[in-house]
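[1] Let me see the structure of the following:
(chains A and B)
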Number of protein chains: 2
Amino acid sequence: MAYDSSTRDAALNDAALAQLFTEARTRNAWSDRPVAPELLRKLYDLTKFGPTAANTTPVRFLFLTSPEAKARLSSYMSEGNREKTLQAPVNVVVAHDLDFHEHVPFLFPHNPGAKDWFADAEGRKAVAGLNGSLQAGYFMIAARALGLDVGPMIGFDAAGVKAEFLADTSWAPSFVINLGYGTDENLFPRSPRLDYETAVKVL
Amino acid sequence: MAYDSSTRDAALNDAALAQLFTEARTRNAWSDRPVAPELLRKLYDLTKFGPTAANTTPVRFLFLTSPEAKARLSSYMSEGNREKTLQAPVNVVVAHDLDFHEHVPFLFPHNPGAKDWFADAEGRKAVAGLNGSLQAGYFMIAARALGLDVGPMIGFDAAGVKAEFLADTSWAPSFVINLGYGTDENLFPRSPRLDYETAVKVL
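    Purely as a prediction, here's the structure:
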């Protein structure tokens, strides 16, 4: 279905909002339904369009799909995350490319000097952290938009994963996401959220 | 329309994916169509459900909607961002609550000791940065899901905004988003994105 810009100002229907946000849940158990390689590519091809500063797009993804690769990752997960990580059909190591500036002449063609804005390594790390994490947020919502479930986890040995999988790259692991079709097993009750008056100020 | 979990595994239609990702654009000019206060509340009520580590949800939002408040902000924007910030019906200061741990006993009720995980201020800042930025990503996609457009900007004086608006809080400004119904004026041509083979490794 072609995109009609005249409808751009309308909200998605409630079923879509439920799938993306209000009824979506972090999953801790996974069905054995596999995730097709084409779907992983489609997931990236949605994620990549989310906005980043100067189009730097510093996020990188390591998709672990083979039993061998998943077993290599599992030893770096904290104990409570290990079983579900082995069960999920895909484990995603979300990483930030600390040398993302090398791609800026390609990514930001209307300003050839933009690469120089990111000459400082410490400043680059902060830009990669902010924008790479925005993109990780886009990725999780994009996964849900494609009918997938996510289970993000920060309990893992980032230095170990860097050495095991990414030693020859400038990619720094940030966190790990289980990806697939979740089940209701081990599902936490929905935790409370802060109300609007606590989290928002309006002036 | 009620949410039917039997349809949870299906992708949204192409028009929805276009609205959220493939055809959505960062806007640099804004129509005068206002954003209703109820829509801002609905936007928060979608955003809040996105996943964060231990449900910490450290993001905070300052919505500037009155001409007076928007004028106060504009002097802290970098010069190239000033005019469009004044034009947008709503400016959003995205902030991280560096004392988010105070809410953890409420937010993570099944583990009353979880607040102690965040006793260290430096560690807390890193958790707030990662998870608050994930939530900022959820926020921008949620805005598009509601038919709104976004225009994120990092070119602003964060210390000035902190002193002007948030001095009596533990909120640290991260970046600013213009929010409303964008026009095609001053729209950049779509910039390139990294291809799958560059940004993704599959094992």
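[2] all helices for chain A, in order.
    Taking DSSP state H as the test, the helices found in chain A are A:14-17, A:37-47, A:67-74, A:79-87, A:104-107, A:121-145, A:158-165, A:196-199.
[3] what about the fourth one, near chain B?
    Pointing back at helix A:79-87 there. No. Between helix A:79-87 and chain B, judged by Cβ under 8 Å from any Cβ of the partner chain, nothing touches; the nearest distance is 11.7 Å. Yep, even glycine has a C-beta here, placed from its N, CA and C like the rest.
[4] Now residue A:100: closest residue in space, sequence neighbours ignored.
    Nearest residue to residue A:100 in three dimensions, chain neighbours excluded: residue A:58, at 3.8 Å (Cβ to Cβ, 6 or more residues apart in numbering or on different chains).
[5] give the contact list for that neighbour.
    A:52, A:96, A:97, A:98, A:100, A:127, A:128, A:131, A:132, A:135 (Cβ atoms under 8 Å, 6 or more residues apart in numbering or on different chains).
[6] Excluding chain neighbours, what is closest to the first one?
    To tie it back to what came earlier, the one meant is residue A:52. Nearest to residue A:52 is residue A:131, by Cβ to Cβ, 6+ apart, at 4.2 Å.
[7] try the last one
    In this structure, residue A:135 finds its nearest non-sequential neighbour in residue A:59, 3.8 Å apart by Cβ to Cβ, 6+ apart.
[8] what's the distance between stretch A:182-190 and the middle of its chain?
    Here the centre of stretch A:182-190 is set off from its chain's centre by 20 Å, with Cα atoms, centre = their mean, to the nearest Å.
[9] Wondering if that stretch reaches chain B at all.
    Yes. Using Cβ under 8 Å from any Cβ, stretch A:182-190 reaches chain B at A:188, A:189.
[10] If you count neighbours, what's buried in that stretch?
    By 16 or more other Cβ atoms under 10 Å in any protein chain shown, the buried positions in stretch A:182-190 come out as A:182, A:183.
[11] same deal with stretch A:75-87?
    For stretch A:75-87, using 16+ other Cβ under 10 Å, the buried residues are A:76, A:77, A:81, A:82, A:84, A:85, A:86, A:87.
[12] Show me what the biggest strand by length in chain A packs onto, helices and strands only.
    Secondary structure of chain A per DSSP state E: the longest strand is strand A:171-180. Under the contact definition 3 or more Cβ pairs under 8 Å, 6 or more residues apart in numbering or on different chains; DSSP states H and E, strand A:171-180 sits against strand A:59-64, helix A:79-87, strand A:90-97, helix A:121-145, strand A:149-153, helix A:158-165.
[13] before we move on, back to that, point out the most buried one among the helices of chain A.
    helix A:121-145 (a mean of 22; mean count of other Cβ atoms under 10 Å in any protein chain shown).
[14] and it, what does it pack onto?
    helix A:37-47, strand A:59-64, strand A:90-97, strand A:149-153, strand A:171-180, helix B:121-145.
[15] Show me how far the fifth one is from its chain's centre.
    For strand A:171-180, the gap between its own C-alpha mean and the chain's C-alpha mean amounts to 7 Å (Cα atoms, centre = their mean).
[16] go on, the last one?
    Average the C-alpha atoms of helix B:121-145, do the same for its chain, and the two points are 7 Å apart (Cα atoms, centre = their mean).
[17] Tell me which residue in chain A sits closest to chain B.
    Residue of chain A nearest chain B, by Cβ to the nearest Cβ: residue A:137 (2.2 Å).
[18] Might you report the residue contacts of that residue?
    Shown in contact with residue A:137 (Cβ under 8 Å, 6+ apart): B:50, B:133, B:134, B:135, B:136, B:137, B:138, B:141.
[19] What is the most widely separated pair among these?
    Across these, the longest distance by Cβ to Cβ is 13.3 Å; it joins B:133 and B:141.
[20] quick check, nearest of the contacts of residue A:137 to chain A?
    The nearest member of the contacts of residue A:137 to chain A, counting by Cβ to the nearest Cβ, is residue B:137 at 2.2 Å.
[21] tell me the pLDDT at the closest one?
    Looking at residue B:137, its pLDDT stands at 98.
[22] nearest residue to it other than its sequence neighbours?
    residue A:137 (2.2 Å).
[23] any idea how far residue B:136 is from that neighbour?
    When Cβ to Cβ, to the nearest Å is the yardstick, residue A:137 and residue B:136 sit 7 Å from each other.
[24] centroid residue for chain A?
    By Cα atoms, centre = their mean, chain A has its centre lying nearest to residue A:136, at 3.1 Å.
[25] What's the separation between that residue and residue B:62?
    On the measure of Cβ to Cβ, residue A:136 and residue B:62 end up 23 Å apart.
[26] cool, residue A:168 as well?
    43 Å.
[27] and what of residue A:64?
    Separation of residue A:64 from residue B:62 (Cβ to Cβ): 39 Å.
[28] Over to residue A:185?
    40 Å.
[29] Kindly report the same for residue A:62.
    36 Å.
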